[in-house]
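Colleague: Curious how this folds, go ahead:
(one chain, ligands or ions: 1)
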Amino acid sequence: MSTADIRSVLRGDGGRFIYLASALAALNGLLFGFDTGIISGAFLYINDTFAMSPLVEGIVVSGAMAGAALGAAVGGQLADRLGRRRLILLGAGVFFLGSFTMAVAPSVPVLVAGRLIDGVAIGFASIVGPLYISEIAPPRIRGALTSLNQLMVTVGILVSYFVNYAFADAGAWRWMLGTGMIPAVVLAIGMLKMPESPRWLFERGRKEEAEAVLRRTRQGDIEDELDEIAETVEKQSDTGVRELLEPWLRPALIVGLGLAIFQQITGINAVIYYAPTILESTGFGSTTSILATVGIGVINVVMTVVAIALIDRVGRRRLLQVGIGGMTITVAVLGTVFYLPGFDGAIGWIATASLMLFVAFFAIGLGPVFWLLISEIYPLAVRGSAMGAVTVANWGANLVVSLLFPVLTANAGEATTFWLFGACSLAALLFTYWLVPETKGRSLEAIEADLRGNVTASETAD
Ligand code: BGC
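Modeller: This next block holds a predicted model:
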């Protein structure tokens, strides 16, 4: 956000309301981050209550990601059917139920059920948070507002590190997991007062309501925006999910799926979920490792703020390229550090600095830009379903990387594992350079018109 933007927030231009609605919807991101981050600490103490085999341990940790893939699979269609706002409300209820179930779980199967339920809510949240915000935001600041959601993901992860720390002495894992109920309640109460997405309303034929929402969230003329929405709705066919497979949508689908998979296979969650373990293997003690992990959480938040400040000015493509380029270099350095024989103090610090820079580069590019782009590049008629499909791929890749990372480091070694991430980053860089479009400052309808136009043009050329 530029200083002019910040001043306009303070003045309440464009309707002060839009900022409140976006901030509330971004609580979806907070829950997503908190609920994925909290298990790392809670896990250490669950073992004292229930005896778990390594397989069951794996199921408890990855249960949420499997649930999230499931939630994303149905969440997209639900967002199209129920509407964005109602899905957020439903999601808040599911979050509450999941956290409650885990907090009171009398046995491992109930705990796993709680994790799965929680995961489903994370899956809903990962789609509907960015979707809702991108559809109520004015184009000029859509990037910044939508990326609030990713900012809250990083804040949620950081808060979970602190909550883990606060309850660690008491070993109170039930409190750690139960804390997730608080933001769920705030989200539910807040969203009751928020409007539905004007684009979804319009598509459902509820034009007057759509108009009323636009009036409430914009200052000045809304006619142009209304006309654009009307035109897009008129053009769309009603083939629904099948339309996802149509040729004109293929480029957008490839971009979304590619970025979804690259966001994970370049290794971010190997760092987010396993940072203390990685740091300990460089020779650091537990306390230093945990502190450095908090440092990584802080950097993740701070650099996401920087990305938000830049995203509507320098554009999505540039941030992606700088971010992924930086990730490639830092992860290659990390691999090399592990390759060198024997750690002394200096090498431990080089490893730590590389990890921190790696997270910083993720936070400025692939982190926020992926979630933003997938809320922008799909046509209204299939936006929910398309985001659902792409988000399922993101959670699927997340699940694979988090399950394989310990196996890979144990068998192939840290150096090879990090170099592998480096090779994936390089591929992601080329992918971005060749295929990812710029959407900065354009209306969602113009982006859609472009997509339709391009293929019509290329079909004519054929
Ligand atoms: C990713 C998550 C990751 C988080 C870290 C998100 O954009 O989707 O998998 O844990 O960023 O900040």
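
Colleague: what's the pLDDT at Val455?
Modeller: Val455 carries a pLDDT score of 48 in this model.

Colleague: Buried residues, stretch 91-108. List them.
Modeller: Using 16 or more other C-beta atoms under 10 Å as the test for burial, stretch 91-108 gives 91-92, 94-103, 105, 108. (Each C-beta comes from the backbone N, C-alpha and C, glycine too.)

Colleague: so which of those residues would you say is closest to Leu70?
Modeller: The nearest member of the buried residues of stretch 91-108 to Leu70, counting by C-beta to C-beta, is Val94 at 11.4 Å.

Colleague: Check which helix or strand that closest one maps to.
Modeller: Counting by DSSP states H and E, the secondary-structure element that holds Val94 is helix 84-104.

Colleague: ok, then the element right after that helix?
Modeller: With elements assigned by DSSP H and E, the helix or strand that comes after helix 84-104 is helix 108-136.

Colleague: Go through that next one and flag the buried ones.
Modeller: When burial is assessed from 16+ other C-beta under 10 Å, helix 108-136 yields the following buried residues: 108, 111-136.

Colleague: for stretch 279-287, same thing?
Modeller: For stretch 279-287, using 16+ other C-beta under 10 Å, the buried residues are 279, 281-282, 284.

Colleague: Quick one: mean pLDDT over it.
Modeller: Along stretch 279-287, the predicted local confidence has a mean pLDDT of 76.

Colleague: Endpoint to endpoint, that stretch covers what distance?
Modeller: In stretch 279-287, first residue to last residue: 10 Å (C-alpha to C-alpha, to the nearest Å).

Colleague: Now Leu310: closest residue in space that isn't a chain neighbour?
Modeller: If you skip the residues right next to it in sequence, Leu310 has Leu319 as its closest partner in space, 6.2 Å away by C-beta to C-beta, 6 or more residues apart in numbering.

Colleague: For that neighbour, give me the backbone phi and psi.
Modeller: Taking degrees, to the nearest 10, you get phi -60, psi -40 for the backbone angles of Leu319.

Colleague: List the contacts of it.
Modeller: Remark: with contacts taken as C-beta atoms under 8 Å, 6 or more residues apart in numbering, Leu319 is in contact with 307, 310-311, 364-365, 368-369.

Colleague: before we move on, the earlier item: send over the helix holding Val94 as CSV, restricted to the C-alpha atoms.
Modeller: Backbone C-alpha positions of helix 84-104 (Å, rounded to 0.1, in the frame of the first residue of the first chain) are rendered in CSV as follows:
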residue,chain,number,x,y,z
ARG,A,84,-19.1,-16.8,0.0
ARG,A,85,-20.4,-15.4,3.2
ARG,A,86,-22.4,-18.4,4.3
LEU,A,87,-19.4,-20.7,3.6
ILE,A,88,-17.3,-18.5,5.9
LEU,A,89,-20.0,-18.8,8.6
LEU,A,90,-20.1,-22.6,8.1
GLY,A,91,-16.3,-22.8,8.2
ALA,A,92,-16.2,-20.9,11.5
GLY,A,93,-18.6,-23.4,13.0
VAL,A,94,-16.5,-26.3,11.7
PHE,A,95,-13.3,-24.7,13.1
PHE,A,96,-14.9,-24.4,16.5
LEU,A,97,-16.1,-28.0,16.4
GLY,A,98,-12.7,-29.3,15.3
SER,A,99,-10.8,-27.4,18.0
PHE,A,100,-13.3,-28.4,20.7
THR,A,101,-13.2,-32.0,19.7
MET,A,102,-9.4,-32.0,19.8
ALA,A,103,-9.3,-30.2,23.2
VAL,A,104,-11.6,-32.7,24.9
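
Colleague: and it with helix 108-136, angle?
Modeller: Here the directions of helix 84-104 and helix 108-136 differ by 160 degrees (axes from the mean of the first three to the mean of the last three C-alpha atoms, to 10 degrees).
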